[in-house]
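sequence first, predicted coordinates after that:
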Amino acid sequence: MSRRASDYDESDVRIRPGRRGSRPRSKDRPAHDDALRGMVTAVDRGRYTILVAEGVGGGDQPERVVTAMKARELGRRGIVVGDEVGLVGDTSGNPDGLARVVRVNPRRSVLRRSADDTDPVERVIVANADQLVIVCALTNPEPRPRLIDRCLVAAYDAGLAPLLVLTKADLQDPGPFLASYAPLNVRHVVTSTGRSAFEGLEALYDQLVDRVSVFVGHSGVGKSTLVNGLVPAAGRATGVVNDVTGRGRHTSSSAVALRLPGRHGWVIDTPGVRSFGLAHVDLERIITHFPDLEPGTERCPRGCSHDEPECALDAWVGSGQAGPAGPSRLESLRRLLRARSGETD
Ligand code: GDP
Ligand code: ZN
């Protein structure tokens, strides 16, 4: 039914015949050797915002933001934030100009999302990211460990390094939370807006330099506050979130890439993404994303689902070998396994 991004390759992108077969004229068309390279920073109803670097298209060309549409020959090929694309047409960056995306370069990573755990329709939401920044408040709202575990699985599965950012340390001591997550060896940064200084912001900045980082977190955790602290020009809407609609004052629900000022690095904000359906994740692979529990499966029966009475994990975790967070991590694993196999989370 749905095609995974990995089903496409570069040759697919260059010459994708339409569903009615290839159009004859495309055979003679030059392969767009003159296409200029740019990075997609936003997508809005078929219009792509693309940053083209200084000097691209001629030595005296400044860095510019180009608006483009997808060339017909790309067919239904998806283009997402973070994609590296080839552009032709009006690439001047003039407000009225419109370029065409004629090529999507092979992706180094894809962050996928399905609407829920059994929905076969999945979407790539961000391409070419290196890091998934999971923003979690220490209180108000309370941390949701199962949601964090789910994000960790999504990160490992996409090949992104996870980074936990724990906000609102001025309201709650991070000690107990950090102790419970210590066995996972996930990098973390603690932040607080406090009274005057924004503590932890520089430490976070250091983790973002030279990386493309996707920020996720559910409403109210302080994600916009962080993004505004990091990229002041971004002006992401912050504040009280409407409980009924679940939306804040955000006007966009799709991802936007923002450049880290001063150094190389990108922050990709995802206003509409609060969790990840994991329908695309192999059931057998989920346990490999729980490195703190995996050693305990050595004594499992062959083909153990890790959600059955014979599973060795209960005894292993029960004897304390997975540390203090073991029991909640095991519960989290089982919830993910059940959710993934069709039962509700
Ligand atoms: P978002 O929904 O995740 O984008 O959250 P916002 O950035 O809009 O923040 C939600 C609320 O939490 C706002 O009222 C912020 O002022 C507040 N907030 C964010 N970070 C902190 C923090 O470190 N400490 C405290 N006390 N409040 C914070
Ligand atoms: Zn097992």
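Good, I have the coordinates. Ligands and ions are numbered 1, 2, ... in the order given.

give the contact list for the residue nearest to Pro62 when sequence neighbours are not counted.
Residue nearest to Pro62 in three dimensions, not counting chain neighbours: Glu54, with 5.6 Å by CB to CB, 6 or more residues apart in numbering. In short, each C-beta sits where N, CA and C put it, glycine included. Shown in contact with Glu54 (CB atoms under 8 Å, 6 or more residues apart in numbering): Gln61, Pro62, Glu63.

what do you get for Pro143?
Counting by CB under 8 Å, 6+ apart, Pro143 touches Cys136, Ala137, Leu166, Phe177.

what's the farthest-apart pair in these?
Ala137 and Phe177 (10.3 Å; CB to CB).

what about Ala315, neighbour count?
Ala315 has 11 neighbouring residues, counting by other CB atoms under 10 Å.

a markdown table for the contacts of Pro143, including secondary structure, distance to Leu230 and neighbour count?
A markdown table is the format used below for the contacts of Pro143 (DSSP: H, G, I helix; E, B strand; the rest coil; distance: CB to CB, whole Å; neighbours: other CB atoms under 10 Å):
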| residue | secondary structure | distance to Leu230 | neighbour count |
| --- | --- | --- | --- |
| Cys136 | strand | 17 | 26 |
| Ala137 | strand | 17 | 23 |
| Leu166 | strand | 16 | 24 |
| Phe177 | helix | 22 | 22 |
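
which of the residues you listed sits closest to ligand 1?
Nearest to ligand 1 out of the contacts of Pro143 is Ala137 (CB to the nearest ligand atom; 7.4 Å).

what pairs with the closest one across the strands?
With DSSP bridges as the criterion, Ala137 is bridged to Thr167.

let me know the helix or strand that the residue nearest to Pro62 is in.
Assessed by DSSP states H and E, Glu54 sits outside every helix and strand.

separation between it and ligand 1?
32 Å (CB to the nearest ligand atom, to the nearest Å).

give me the longest strand you can find in the chain.
Across the chain, the strand with the greatest residue count (assigned by DSSP state E) is strand 36-44.

about what we covered before: what residues do Ala137 and Phe177 have in common as contacts?
What both Ala137 and Phe177 touch, as defined by CB under 8 Å, 6+ apart, is the set Pro143, Leu166.

all strands for this protein, in order.
Along the chain, counting by DSSP E, strands occupy 36-44, 47-52, 64-70, 84-89, 99-104, 110-114, 122-127, 131-137, 161-167, 187-190, 212-216, 256-259, 266-269.

quick one: closest of those strands to ligand 2.
Ligand 2 lies closest to strand 161-167 among these, at 23.9 Å (CB to the ion).

how far off centre is that closest one?
Mean-position distance between strand 161-167 and its chain equals 13 Å (CA atoms, centre = their mean, to the nearest Å).

for stretch 189-207, same thing?
22 Å.

flag every buried residue along that stretch.
By 16 or more other CB atoms under 10 Å, the buried positions in stretch 189-207 come out as Val189, Val190, Thr191, Ser192, Thr193, Phe198, Gly200, Leu201, Leu204, Tyr205, Gln207.

on that earlier part again, now render the strands of the chain as a markdown table, adding distance to Ser305 and mean pLDDT.
Output for the strands of the chain, formatted as a markdown table (distance: least, CB to CB, whole Å; pLDDT from 0 to 100):
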| stretch | distance to Ser305 | mean pLDDT |
| --- | --- | --- |
| strand 36-44 | 39 | 94 |
| strand 47-52 | 43 | 95 |
| strand 64-70 | 43 | 95 |
| strand 84-89 | 40 | 96 |
| strand 99-104 | 38 | 96 |
| strand 110-114 | 21 | 86 |
| strand 122-127 | 23 | 88 |
| strand 131-137 | 27 | 97 |
| strand 161-167 | 25 | 96 |
| strand 187-190 | 31 | 96 |
| strand 212-216 | 28 | 96 |
| strand 256-259 | 39 | 93 |
| strand 266-269 | 35 | 96 |
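
identify whichever of those strands lies nearest to Arg299.
Short answer: strand 161-167, nearest of the strands of the chain by CB to CB, at 28.1 Å.

now check the closest one, is it near ligand 1?
Yes - using CB under 6 Å from any ligand atom, strand 161-167 reaches ligand 1 at Thr167.

what of stretch 260-268?
No - using CB under 6 Å from any ligand atom, stretch 260-268 stays clear of ligand 1, coming no nearer than 12.9 Å.

start and end of that stretch, how far apart?
Chord length of stretch 260-268, first to last residue, is 10 Å (CA to CA, to the nearest Å).

determine how far that stretch lies from the middle of the whole chain.
Using CA atoms, centre = their mean, the offset of stretch 260-268 from its chain centre is 16 Å.

buried ones in that stretch?
Buried-residue list, stretch 260-268, by 16+ other CB under 10 Å: Leu260, Gly265, Trp266, Val267, Ile268.

would you pull up the residue in the stretch 1-150 of the chain closest to ligand 1?
Val135 (6.5 Å).

list the contacts of that residue.
Val165, Thr167, Phe215, Val216, Gly217, Val221, Gly222, Lys223, Leu226.

how far away is Lys168 from ligand 2?
From Lys168 across to ligand 2, the span is 37 Å (CB to the ion, to the nearest Å).

I'd say that residue and Glu142 touch.
No - taking contacts as CB atoms under 8 Å, Lys168 lies outside contact range of Glu142: 10.6 Å.

picking that back up, reformat the contacts of Pro143 as JSON lines; add distance to ligand 2.
Formatted as JSON lines, the contacts of Pro143 follow (distance: CB to the ion, whole Å):
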{"residue": "Cys136", "distance to ligand 2": "28"}
{"residue": "Ala137", "distance to ligand 2": "33"}
{"residue": "Leu166", "distance to ligand 2": "31"}
{"residue": "Phe177", "distance to ligand 2": "27"}
